[in-house]
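*Asks:* Sequence plus the predicted model coming up.
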Amino acid sequence: GIHVGAIFPYRHPGYFPLYGTTFLVVEWLLTLLGAGLLLTSYRRPGALLAAVGIAMSLSQMLQNQKILLLLILLVVAIAKPEDSPEARWFLRWQLVLVYGFTALAKIFAEFSTGATLAKISPIALNESVFLVLSWFVIALELMIPFCLFKKRQWAWFAIAILHGSFTIFMRDIAAFTLGMFALAALYYSDSSWSSKRMIKSS
């Protein structure tokens with residue numbers, strides 16, 4: 001339904017035509033092959049293949065989570081983060097920006113009233129429960145950027161709770177979840193990293 005524009009038609013960019021099954025298979029193959037290579041020593045070619053697959057997917061339906069994933073893949077393919085502290089810091093800052101601005105956007109939108117969770121929830125609950133859960137999500141998203149600098153263990157715990165909840169309530173969120181966990185892992189991947197160095201480098 002999504003592919004033919006029956007669901008979320010407003011998310012189709014418009015300037016790219018919807019393609020048929022053949023191109024859809026190519027998109028999936030590129031993405032899966034790239035994901036597989038990312039687990040090997042051929043990470044840069046894998047990231048490039050996966051980026052092409054994700055870009056093809058975005059031409060059919062815009063999704064913020066896939067735009068973030070595309071950014072991560074392009075940095076891995078071009079800058080080789082394992083050899084580039086600047087690339088790692090750039091990716092780490094994406095995590096801070098995404099959670100910070102997402103939380104602020106939720107505060108000034110329908111989400112803060114509980115209405116959004118009520119719409120997407122598979123379980124019928126009292127309105128006050130959805131209101132409390134909504135502000136709990138906002139609080140977690142505001143807390144994560146600060147914890148990443150001071151209490152990284154707390155940040156991991158908050159990210160696990162947040163994205164575990166998203167997976168239950170929302171469909172097609174796997175790309176976003178994997179992308180955010182990958183970015184969070186960068187806060188532990190470099191023993192020489194510290195929040196002071198990160199701030200100074202920016």
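*Replies:* On my side now, so go ahead. Small disclaimer: the values here were computed from a predicted structure and weren't measured.

*Asks:* right, and residue 159 touches residue 178 too?
*Replies:* No. Applying Cβ atoms under 8 Å as the test, residue 159 and residue 178 come out as separate, 11.8 Å apart. C-beta: built from backbone N, CA, C; applies to glycine.

*Asks:* Neighbour count for those two, which is higher?
*Replies:* The residue with more neighbours, out of residue 159 and residue 178 and counting by other Cβ atoms under 10 Å, is residue 159; that gives 22 against 15.

*Asks:* Point out where this structure drops to low pLDDT.
*Replies:* Low-confidence regions of the chain, defined by pLDDT under 70, span residues 1-14, 169, 171-175, 186-202.

*Asks:* secondary structure element for the residue nearest the centre of it?
*Replies:* Among the residues of the chain, the one closest to the centroid is residue 176, at 3.0 Å (Cα atoms, centre = their mean). Assignment of secondary structure by DSSP states H and E places residue 176 within helix 174-185.

*Asks:* Return the list of helices and strands in contact with that helix.
*Replies:* Packed against helix 174-185, as judged by 3 or more Cβ pairs under 8 Å, 6 or more residues apart in numbering; DSSP states H and E, are the following elements: helix 64-79, helix 85-107, helix 152-169.

*Asks:* So what angle separates the directions of the second one and helix 152-169?
*Replies:* Which is helix 85-107. Comparing the axes of helix 85-107 and helix 152-169 via axes from the mean of the first three to the mean of the last three Cα atoms, to 10 degrees yields an angle of 50 degrees.

*Asks:* by contact count, what packs against the helix or strand that helix 85-107 is followed by?
*Replies:* Once the chain leaves helix 85-107, the next helix or strand it forms, by DSSP H and E, is helix 115-120. The helices and strands touching helix 115-120, judged by 3+ Cβ pairs under 8 Å, 6+ apart, are helix 127-150.

*Asks:* Could you tell me which other helices and strands the helix it packs on packs against?
*Replies:* Using 3+ Cβ pairs under 8 Å, 6+ apart, the elements in contact with helix 127-150 are helix 85-107, helix 115-120, helix 152-169, helix 195-201.
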